[in-house]
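**Student:** Take this sequence and fold it.
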Amino acid sequence: MYQRRCFTCVLLTLLIDAASMHQVVEGIEGSSVILKCSHRRIVLEERQQTVHWRHNDTRNVFDIIHGKVSIKEQDPAYKNRADVLHEELKRHVFLKLTDLQLSDGGTYLCYVPALGIDHSTQLVVKERPPIKYAAIEVSSYGTEATLERTLLLLIPLSGFILHFI
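**Tutor:** As a prediction, this is how the structure comes out:
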């Protein structure tokens with residue numbers, strides 16, 4: 001009876017651990033995201049720091065080999081857009097993707113051979129919402145100056161509150 005309970009506890013722990021190995025991250029086209037390599041703290045000596053990031057199991061996003069960045073086999077789609085947070089490398093491995101594109105959506109796999117970590121993250125990239133503008137017509141009302149033409153100002157509404165007096 002005790003052995004069966006222990007087996008059940010170990011099995012349940014493994015299932016919970018495996019389920020937490022996959023996460024979902026959302027980003028908006030044109031923005032940046034940070035993907036985490038593991039749900040637990042990683043402690044790596046510099047010579048052990050070998051980390052591979054892959055997109056949909058085929059595209060080479062970023063590699064660190066023995067503590068050194070290696071981009072010689074990096075997919076050109078990630079050139080100047082993928083990097084790791086170097087100051088965090090001894091404790092955590094984060095991948096930063098900038099200027100997100102819709103094609104960046106998919107599964108990212110982080111593999112740390114020295115620790116046997118194999119972590120996946122699902123990245124969902126949403127389309128950038130269209131920018132809305134307010135049109136304001138400026139005329140010579142209330143002044144002695146005369147405008148020969150009407151001036152039309154287009155002001156992006158994202159983050160602005162317009163107040164008309």
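**Student:** so residue 96 touches residue 37, yeah?
**Tutor:** No. Residue 96 is beyond contact range of residue 37, at 11.9 Å (criterion: C-beta atoms under 8 Å). (Glycine included, C-beta is placed from N, CA and C.)
**Student:** the more surrounded of the two?
**Tutor:** The residue with more neighbours, out of residue 96 and residue 37, is residue 37; 24 against 14, by other C-beta atoms under 10 Å.
**Student:** which residues touch that one?
**Tutor:** Under the criterion of C-beta atoms under 8 Å, 6 or more residues apart in numbering, the neighbours of residue 37 are 51, 53, 92, 93, 94, 95, 110, 112, 117, 119.
**Student:** If you rank every helix and strand of this protein by mean pLDDT, what lands last?
**Tutor:** helix 2-19 (a mean of 42; mean pLDDT, DSSP states H and E).
**Student:** After that helix, heading C-terminal, what element do we hit next?
**Tutor:** strand 22-28 (DSSP states H and E).
**Student:** Which strands or helices does that following strand pack on?
**Tutor:** strand 33-36, strand 117-126 (3 or more C-beta pairs under 8 Å, 6 or more residues apart in numbering; DSSP states H and E).
**Student:** Tabulate those in TSV, adding columns for distance to residue 156 and mean pLDDT.
**Tutor:** Compiled in TSV, those are given as follows (distance: least, C-beta to C-beta, whole Å; pLDDT from 0 to 100):
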stretch	distance to residue 156	mean pLDDT
strand 33-36	23	94
strand 117-126	19	93
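**Student:** which one of those lies closest to residue 62?
**Tutor:** strand 33-36 (10.1 Å; C-beta to C-beta).
**Student:** That closest one - which strands sit beside it in the sheet, and in what orientation?
**Tutor:** strand 94-97 (antiparallel) (DSSP bridges).
**Student:** Identify each buried residue in the partner strand, please.
**Tutor:** 94, 95, 97 (16 or more other C-beta atoms under 10 Å).
**Student:** Point out the least confident one among these.
**Tutor:** pLDDT is lowest at residue 94 among the buried residues of strand 94-97; the value there is 88.
**Student:** and that one, what is it in contact with?
**Tutor:** 34, 35, 36, 37, 84, 85, 88.
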